[in-house]
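S.K.: Need a 3D model of the following:
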Amino acid sequence: MYGLTRSLLFQLDAERAHRLGVAGLRQLGHLPGLCRSLRTRALAGLAQTLAVEVAGLRFAHPVALAAGLDKDAEAVDGLFACGFSAVEIGTLTPRPQPGNPRPRLFRLPEHQAVINRMGFNNHGAPDAAVRLRRLTWRPGPLGVNVGKNKDTPLEKAVDDYVACVDALAPLGDYVVVNASSPNTPGLRSLQEPEQLSLLLSAVQERLSTVAPGKPLFLKIAPDLAPEAVDEVVDVALRQRLAGLIATNTTIARPFEHPVAKEAGGLSGAPVREPSNAVIRRAYQRSGGRLPIIGVGGVFTAQDVYEKLRAGASVVQVYTGFIYEGPGMVRRMLPALAALLARDGFSRVADVVGADHRAPSAPRA
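M.R.: Numbers count the residues shown, from 1 in each chain. This is a model prediction of the structure:
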């Protein structure tokens, strides 16, 4: 069914197709009974072995939706109806901004990939807050991903993140600091240890005031050198973050393609292994003490399983959802449960970081 829909959508400009998809999910959200029915169907037969707990949050299973698809919290109900264990909105900035000039979103079907240079286009944190207050159905954790406005100088970036925390943190179940988008000039420099420490310290301080105990995550880039991953992990541990989200899109172009010359972040299948490498490194550096939400190149249950074994506790999807459609979660979960059973794991928590342990036997 989705194959035909995708064929029609892929005839359109990528951004127009994206807007149509979000609009459809938004309309679905106006039918609460249908949303609940679809979610029940998507999770039918869900094995209890797939339940996960991270930072005090319960996930019915480890497949969640990444930020970027629903920037303005327009389609939260419709996305939960698709079966995702959690939905992350954003990236949101304190003030509305149009983002970068169009065209700014490109598909590469031959590589199961997307290039985007959207540039944090959104209607602003206060606008999203209005919609979040109206939500009456939240069957899983809801994350809010925040960033800075493009015209805010880097030396004032902290003010933007704190303003977003003020507006959104009380309304979400966890908060994500996005310091890794390649589409806001200079943003990735905030991942450098000194600047990152100052940013996270300020955000944590404000979070403790407006939403005490709310988990804070940091989203990092797949283009960090191994030593830079170590530095980020060390900062995250010192700042007592709830965890990392690894990873954002990549600026690398590991293939030749007519669209590959377009500026922006590459997502989808080509970022799968770079993302896994960062997950492995971060898990090793933290000794498993820092929870990781893995994202990048997830299309199948096997992709989810690889990220869990590398060290992720939850796995997010975005580009895979564009290619695989709303039935993605429903298809993944039985296959994921089968992979756990095949290798003798009784729950997801036992799989996390399995590749770092002796291969003789899974943990009991």
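S.K.: tally of neighbours for residue 349?
M.R.: Residue 349 has 17 neighbours, counted by other C-beta atoms under 10 Å. Placement of C-beta: from N, CA and C, glycine included.
S.K.: Mind telling me what element it is part of?
M.R.: helix 348-351 (DSSP states H and E).
S.K.: can you give me how far that helix is from the chain middle?
M.R.: Centroid separation for helix 348-351 versus its chain: 20 Å, with C-alpha atoms, centre = their mean, to the nearest Å.
S.K.: Just the CA atoms of that helix, as PDB, please.
M.R.: Extracted C-alpha coordinates of helix 348-351, given in PDB (Å, rounded to 0.1, in the frame of the first residue of the first chain):
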ATOM      1  CA  VAL A 348      16.600  -5.500  25.300                       C
ATOM      2  CA  ALA A 349      18.700  -4.400  28.300                       C
ATOM      3  CA  ASP A 350      20.800  -7.600  27.900                       C
ATOM      4  CA  VAL A 351      21.600  -6.800  24.300                       C
END
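S.K.: other SSEs contacting the top helix by length along the chain?
M.R.: Counting by DSSP state H, the longest helix found in the chain is helix 193-210. Applying 3 or more C-beta pairs under 8 Å, 6 or more residues apart in numbering; DSSP states H and E, we find helix 193-210 packed against helix 157-168, strand 174-178, strand 216-220, helix 226-238.
S.K.: quick one: low-confidence ranges for the stretch 101-250 of the chain?
M.R.: Filtered on pLDDT under 70, the stretch 101-250 of the chain yields no residues whatsoever.
S.K.: Residue 228 is in contact with residue 196, isn't it?
M.R.: No - Residue 228 is beyond contact range of residue 196, at 10.5 Å (criterion: C-beta atoms under 8 Å).
S.K.: follow-up on the earlier one: buried residues in the longest helix of the chain?
M.R.: 195-196, 199-200, 202-204, 206-207 (16 or more other C-beta atoms under 10 Å).
S.K.: Specify the angle between it and helix 157-168 in degrees.
M.R.: Per axes from the mean of the first three to the mean of the last three C-alpha atoms, to 10 degrees, the angle that helix 193-210 makes with helix 157-168 is 30 degrees.
S.K.: So which residues of the stretch 1-150 of the chain form helices?
M.R.: Along the stretch 1-150 of the chain, counting by DSSP state H, counting those that start in this stretch, helices occupy 2-9, 14-29, 32-42, 76-81, 125-134.
S.K.: Can you check which of the ones you listed gets nearest to residue 344?
M.R.: Ranking the helices of the stretch 1-150 of the chain by proximity to residue 344 (C-beta to C-beta) places helix 32-42 first, at 26.8 Å.
S.K.: tell me the centre residue of the chain?
M.R.: Central residue of the chain (C-alpha atoms, centre = their mean): residue 66, 2.7 Å from the mean position.
S.K.: So what does that one have for phi and psi?
M.R.: phi -80, psi 160 (degrees, to the nearest 10).
S.K.: any idea how far residue 3 is from it?
M.R.: Between residue 66 and residue 3 the computed distance is 23 Å (C-beta to C-beta, to the nearest Å).
S.K.: Buried residues, stretch 177-188. List them.
M.R.: Neighbour-count burial for stretch 177-188, counted by 16+ other C-beta under 10 Å, picks out 177-184, 187-188.
S.K.: Show the residue spans covered by the helices in the stretch 201-350 of the chain.
M.R.: Under DSSP H, counting those that start in this stretch, the stretch 201-350 of the chain gives helices at 226-238, 272-286, 301-310, 319-324, 328-342, 348-351.
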